[in-house]
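# Predicted model and sequence follow; I will ask about them next.
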Amino acid sequence: MAKKRVAMELGMGSSLRNQDYTKAGLRAVENALWHNALSMADAFGFPKDSMIIDVDIAVQNPDAVDRQRIAQVFPYGQVSVTASQGGLDVEKPSGDGVTVIAHAAIVVSFDMEPAASGHQSQGGE
Amino acid sequence: MKRMILEMGAGNDLYGEDYTKAARRAVQDALHHSSLILFRSLGYDHADMRVHVTIGVQKPDQVDADAVAADLPRGKAEVRVVQGGQNVVDEDNGTISVIATAAVEAWLDIEEKDWVFLNNSRLPASYPLPGI
């Protein structure tokens, strides 16, 4: 398998008032993305669209995450989105509903391999 | 050298007016929103990485740049401190909250000719992106 992971980005987001798991997920993704400016594609001389972007959103109610909307945040790349059990819901003191906290993990990979005469290592550590 | 990533962060010292503490927190914030996995997956050596750190605070001369550099776990780090950041002054209570900005750039000697990009259309179908 030549799919090589090159970077991971992490973020957190919340929905304070209306228990919107998608919005919390979107904010987590934006928090992850906008803390970093990745220039891996340029560094390797690959087209930007060749980035493989695997997103996992962790919230207490993963079924409530609209994965299509999460995928639309990304301007380029081959995006796949999963939602899994995690994050945290915190009861409001008033008793009506919860504050939603979401985590986003974004893994960036390329389908690549060493050139025949190139970089010496293929395996990593 | 090619720049792989620019990591951005903010840190503060709310009551102690410690510009170095704010700067170190900003660096931690910048570092811990990402991970450069390619060192493991592609076999590059961390020691070959150059790390350029720029700290922005309102009083640059009060930042201990060596202390900031010591927090960077890998690569050869250089820290420079410039005018920036933000101070929030509470005149009523006589406090100054110090906010530092950190920009952490990671550079590596990547040769384009060492790697070939494969046609990734044979990978499993990705989540469809409408309009792209």
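Looks like it came in fine.
# tell me the pLDDT at residue A:95?
pLDDT, residue A:95: 89.
# before we move on, which element is it in?
Following DSSP states H and E, one finds residue A:95 outside all helices and strands.
# swap in residue A:43?
Using DSSP H and E, residue A:43 sits in helix A:40-44.
# what's the next secondary structure element after that helix?
By DSSP H and E, the next helix or strand past helix A:40-44 is strand A:52-59.
# residue contacts, residue B:14?
By CB atoms under 8 Å, 6 or more residues apart in numbering or on different chains, the residues touching residue B:14 are B:95, B:97-98. Yep, even glycine has a C-beta here, placed from its N, CA and C like the rest.
# Likewise for residue A:35?
A:9, A:11, B:7-9, B:29-30, B:33-34.
# Closest to the centroid, which residue in the chain?
Just going to use chain A. Nearest to the mean C-alpha position of chain A, by CA atoms, centre = their mean, lies residue A:106 at 2.6 Å.
# Wait, chain B was what I had in mind.
residue B:104 (2.7 Å).
# per-residue confidence averaged over the longest strand seen in chain A?
Looking across chain A with DSSP state E, the single longest strand is strand A:98-114. For strand A:98-114, mean pLDDT is 95.
# How about stretch A:3-15?
Throughout stretch A:3-15, pLDDT has a mean value of 95.
# ok, now stretch B:81-89?
94.
# What residues sit buried inside it?
The neighbour-count check on stretch B:81-89 (16 or more other CB atoms under 10 Å in any protein chain shown) flags B:81, B:85 as buried.
# tell me how far the ends of it are from each other?
The stretch stretch B:81-89 measures 21 Å between its terminal residues, going by CA to CA, to the nearest Å.
# Return the member of the contacts of residue B:14 nearest to chain A.
residue B:98 (20.4 Å; CB to the nearest CB).
# For stretch B:86-106, list every residue counted as buried.
Taking 16+ other CB under 10 Å as the criterion, stretch B:86-106 shows B:96-106 as buried.
# Kindly apply the preceding question to stretch B:113-120 instead.
So for stretch B:113-120, counting by 16+ other CB under 10 Å, buried means B:115-118, B:120.
# Please list which of the residues you listed are also close to chain A.
Among these, the ones lying near chain A by CB under 8 Å from any CB of the partner chain are B:115-118, B:120.
# would you turn the buried residues of stretch B:86-106 into TSV with distance to chain A?
TSV is the format used below for the buried residues of stretch B:86-106 (distance: CB to the nearest CB, whole Å):
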residue	distance to chain A
B:96	26
B:97	21
B:98	20
B:99	16
B:100	15
B:101	12
B:102	11
B:103	10
B:104	10
B:105	9
B:106	10
